[in-house]
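Visitor: Return atomic coordinates for the entry below.
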Amino acid sequence: MTAEKGGVFRAEGVPARERFDYWRELIGRTRASEVTSAHADDFEAEMRRVELGPVTLLRTSFPPTRFRRSEGMARRSDPGVYHLTLLLAGGLALTRGAGPTAAFAPGDLHLVDSADPFDLRAFGSRADGRPVHRVEALGVDFPAALLPLPPHRLRGLLGRGFPGREGSGALLADFLVGLDRQAAVLGPAEAPRLGGVVVDLVASWLARELDAEGELPDDARQRVIAESVRTFVRRHLHDPGLTPSLIAEAHHISVSYLHRVFTRQSQGETVAAWIRARRMEKAHRDLADPALRALPVHAVAARCGIPRASDFSRAFRAAYGLPPGEHRHQALSGQAQG
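Guide: Have a look, this model is predicted:
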């Protein structure tokens, strides 16, 4: 791990014998525990830490490790924080107090309270041809007070594994993965808003598991609907039949309610305008992609849900001030010269 730079930490540049202690100190900033590893003498790990207002997003990769938080440690240093983990690769085994051990596989979500003792074992899987197995995970740490659900309602959900590939769990997992991919380009003004969206999505996921969605504040429910709509649009940009009516039907809401909620949560931008902008952005990227050089412009347009070449050319010129073919030529020529 290098010295801290932009919230990213890597092993290069740090003496082998110091890496483990350094990484352990970084993890302990929000997830204090006793950390041990059979690979401590030559510890190779990576971590990205992004502050989103009061919410912290962690992306980490590390060899098999054990994390233990004793009852005494929990009593002495309870910051009143919930720790959410989305496992991406490897395996986890979590024991809370005298309870049974829960096993987590890639794609699983689980939540723990900083007030509780635990014993967490992380088992790696083979990755990138490295000789030591790795664990890959995304973590979110946020004050428990931000959740609009009373702590006693959540006790039965803590420490359990939930699939992150369906329902509100999938919406949450997809948002976290996308947020991590965009971490390097997030502006300081965006961070607190995105942290709020994360908490809203966590609250919606937990409320769904508790069958208590009606207990969420109306604003929080509307923000989750808007984010769900954005995710749905991104997944269906290729479909020329992607319309507000289709989106409303998929979300079991009326078209008028969709328009009202989305416009309110998108600073006045309409659903149709948001779809159009995302299609143009995708086309702009694809046309500049050397791997898609052989794909005709009209085929790129079709991949973005615009089957008529004339409609696409007109919309692209309106968005970027030049025809799509000219943009492709300039982008690919510039890459070749570079």
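Visitor: quick check: longest helix of this protein.
Guide: Secondary structure of the chain read by DSSP state H shows that its longest helix is helix 191-210.
Visitor: Now do the helix or strand just after that helix: which elements does it pack against?
Guide: Note on helix 191-210: by DSSP states H and E, the next helix or strand toward the C-terminus is helix 218-235. The contact analysis (3 or more CB pairs under 8 Å, 6 or more residues apart in numbering; DSSP states H and E) places helix 218-235 against helix 167-181, helix 191-210, helix 244-250, helix 255-265, helix 271-287. Placement of C-beta: from N, CA and C, glycine included.
Visitor: My understanding was that Val255 contacts Leu246; is that so?
Guide: No - with contact defined as CB atoms under 8 Å, Val255 and Leu246 do not form a contacting pair (9.8 Å).
Visitor: Can you tell me the closest non-neighbouring residue to the residue nearest the centre of the chain?
Guide: In the chain, the centroid-proximal residue (CA atoms, centre = their mean) is Leu176; its distance is 1.0 Å. Spatial nearest neighbour of Leu176, excluding adjacent residues (CB to CB, 6 or more residues apart in numbering): Leu138 at 5.2 Å.
Visitor: Are we agreed that that neighbour is in a strand?
Guide: Yes - according to DSSP: H, G, I helix; E, B strand; the rest coil, Leu138 belongs to a strand.
Visitor: before we move on, the earlier item: with respect to burial, which of the helices and strands packed on helix 218-235 scores highest?
Guide: helix 191-210 (a mean of 20; mean count of other CB atoms under 10 Å).
Visitor: ok now do Val198, which residues does it touch?
Guide: Going by CB atoms under 8 Å, 6 or more residues apart in numbering, Val198 touches Leu52, Val55, Leu57, Val140, Phe142, Phe175, Leu176, Leu179.
Visitor: tell me which residues form a beta bridge with the nearest residue to Ala102 once chain neighbours are set aside?
Guide: Nearest non-adjacent residue to Ala102, counting by CB to CB, 6+ apart: Leu94, 5.0 Å away. According to DSSP bridges, the residues that bridge with Leu94 are Ala102, Leu120.
Visitor: who touches Leu94 in this structure?
Guide: Thr101, Ala102, Ala103, Phe104, His110, Val112, Phe118, Asp119, Leu120, Arg121, Gly159.
Visitor: Of those, just the buried ones, PyMOL syntax please.
Guide: A single PyMOL command selects the buried members of these (16 or more other CB atoms under 10 Å):
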select buried, resi 102+104+110+112+118+119+120+121+159
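Visitor: For Lys282, see how far away Ser310 is.
Guide: Look at Ser310 and Lys282: by CB to CB, to the nearest Å, they are 19 Å apart.
Visitor: just Arg276 next, same as before
Guide: Using CB to CB, one gets 11 Å for the distance from Arg276 to Lys282.
Visitor: dump the residue contacts of the residue nearest to the centre of the chain.
Guide: Leu176 neighbours (CB under 8 Å, 6+ apart): Leu57, Leu86, Leu138, Val140, Val198.
Visitor: One more: Ala248?
Guide: Ser254, Val255, Tyr257, Leu258.
Visitor: Could I get the contacting residues of Arg66?
Guide: Arg66 is in contact with Val35, Thr36, Ser37, Asp119, Leu120, Arg121, Ala122, counting by CB under 8 Å, 6+ apart.
Visitor: next one: phi and psi at it?
Guide: According to degrees, to the nearest 10, the main-chain angles of Arg66 amount to phi -120, psi 140.
Visitor: What does the pLDDT read for it?
Guide: Looking at Arg66, its pLDDT reads 95.
Visitor: Tell me the bridge partners for Met47.
Guide: Phe9, Thr60.
Visitor: does Ala170 really touch Phe162, like I thought?
Guide: No - using CB under 8 Å, Ala170 makes no contact with Phe162, being 10.4 Å away.
Visitor: chain center to stretch 64-83, what's the gap?
Guide: 24 Å (CA atoms, centre = their mean, to the nearest Å).
Visitor: Any idea how far apart the tips of that stretch sit?
Guide: Start and end residues of stretch 64-83 are separated by 19 Å (CA to CA, to the nearest Å).
Visitor: and Gly80, how many residues sit next to it?
Guide: Around Gly80 there are 11 other residues, counting by other CB atoms under 10 Å.
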